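Q: Sequence below, structure please.
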Amino acid sequence: MVTSLLVVVVCLALIFDFINGFHDAANSIATIVSTKVLTPFQAVIWAAAFNFLAFFLIKEHKVANTVAKTVHEHFITMDVILAGLIAAIAWNLLTWWFGIPSSSSHTLIGGFAGAGMTNAIFMGINPITAVDSASILRIAAYIFLAPLIGLVIAYVITIIILHIFKNFRPAVAERWFKSVQLISSAALSFAHGGNDAQKVMGIIYVALFTSGVIENGAKMPEWIPLACYSAIAAGTMSGGWKIVKTMGSKITKVTPLEGVSAETAGAITLFMTERLGIPVSTTHTITGSIIGVGLTKRVSAVRWGVTINLLWAWIITIPISALVAAAVFAVMHYL
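A: As a prediction, the model looks like this:
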């Protein structure tokens, strides 16, 4: 049954997806802007187009399925979904305001899980039983694994490229890499859309079967992917300039060659995890890739103070989102 609460939840989910787009715009465009291959305006249009292209090419939504099963069905109510979304939106806006490249994926999962666990407490049941612990642990592990994989791939790609182009004149090589960076940034934007839009698809799907509009296990209605890809693409077009500055210049200075390496490594990592159905952070992945590029020059080329601050932001995202969602759900429960 379509209720006003369901409409509110779907609208909030799409608002979150929009915020996800401008919050994570830096992931796709930071290097291409910092290397001056495209202007910021051109870059966000480019990234948004490839965000949306994923709608036509990705038809199997494994990441959405993982998110939908984060909280066990018995503990899911519309209030749980609403509280999780409110917490996720609040944390995303806060980190955007302070220019912190945190994970939209993890804040959504943390909020959903935190609300579900709080509902279990009010039901007098062990809160751990409310969530799929194996999925949560795997998602938490990729807070570290995703950037590490991106780092290693970026390091290897950069070394290979440097070896191949060692006899080229620097000016010629730079012009060539500026052209190739259009392709690598497009691949990263496509992977970003395909990975991140699916998290909200999972939440909306859960809301529909919780409201009785569809049966659990039914095929996802086609309007859900269309709406989610549209929302994240629109958000990307609105940009996220504070985070662009952090990603594009504060971690390490990036050249067109290194931009190609970082974006290619990030795209490969995201394609791999999307196929595995693991909701990883695009932010974490591209950050690790940029660090891998910096390490090919020297260890001191990476600004480790900034990197450590980012790591702390990543670690606290899931627990803080869960706590905020728990508080929101508790308030809703007593109202």
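Q: When you work out contacts or count neighbours from here on, use the C-alpha atoms and nothing else.
A: Fine.
Q: Quantify the burial of Val172 by counting its neighbouring residues.
A: 9 (other Cα atoms under 10 Å).
Q: how far away is it from Ala262?
A: For Val172, the distance to Ala262 (Cα to Cα, to the nearest Å) stands at 20 Å.
Q: next one: Val213
A: Note on Val213: its distance to Ala262, by Cα to Cα, is 43 Å.
Q: Between those two, point out the one with more neighbours.
A: Each of Val213 and Ala262 has its neighbours counted (other Cα under 10 Å); Ala262 has more, 34 against 14.
Q: End to end on stretch 118-130, go ahead and measure it.
A: 9 Å.
Q: List the buried residues in it.
A: Judged by neighbour count using 16 or more other Cα atoms under 10 Å, the buried positions of stretch 118-130 are 118-120, 127, 130.
Q: residues making contact with it?
A: Stretch 118-130 is contacted from outside by 71-72, 74-75, 80, 113, 116-117, 326, 329-330, using Cα atoms under 8 Å, 6 or more residues apart in numbering.
Q: How far off centre is that stretch?
A: 28 Å (Cα atoms, centre = their mean, to the nearest Å).
Q: quick one: average pLDDT of it?
A: Mean pLDDT, stretch 118-130: 96.
Q: likewise stretch 83-96?
A: Per-residue scores along stretch 83-96 average to 91.
Q: what's the answer for stretch 205-225, then?
A: 93.
Q: do stretch 24-36 as well
A: Mean pLDDT, stretch 24-36: 72.
Q: List the contacts of Ala234.
A: Ala234 is in contact with 18, 21, 48, counting by Cα under 8 Å, 6+ apart.
Q: Surely the first one is in a helix?
A: Right, the one you point to is Phe18. Yes: counting by DSSP: H, G, I helix; E, B strand; the rest coil, one finds Phe18 located in a helix.
Q: Provide the secondary structure category for the closest residue to Phe50 other than its chain neighbours.
A: Leaving aside its sequence neighbours, Phe50 sits nearest to Phe190 (Cα to Cα, 6 or more residues apart in numbering; 4.7 Å). Three-state call for Phe190 (three-state DSSP): helix.
Q: Any regions of this structure where pLDDT drops low?
A: Applying pLDDT under 70 to the chain flags the ranges 25-28, 101, 239-253, 299-307, 309.
Q: residue ranges of the helices in this protein, please?
A: Assigned by DSSP state H, the chain shows helices spanning 4-34, 40-57, 62-68, 78-97, 104-122, 133-164, 170-210, 223-238, 241-245, 256-276, 282-295, 304-334.
Q: one step back: can you report how many residues neighbour the residue nearest to Phe50?
A: 26.
Q: Same question for Lys36.
A: Neighbour tally, Lys36, other Cα under 10 Å: 14.
Q: What backbone torsions are found at it?
A: The phi/psi pair for Lys36 (degrees, to the nearest 10) reads phi 60, psi 30.
Q: What of Val280?
A: The phi/psi pair for Val280 (degrees, to the nearest 10) is phi -90, psi 170.
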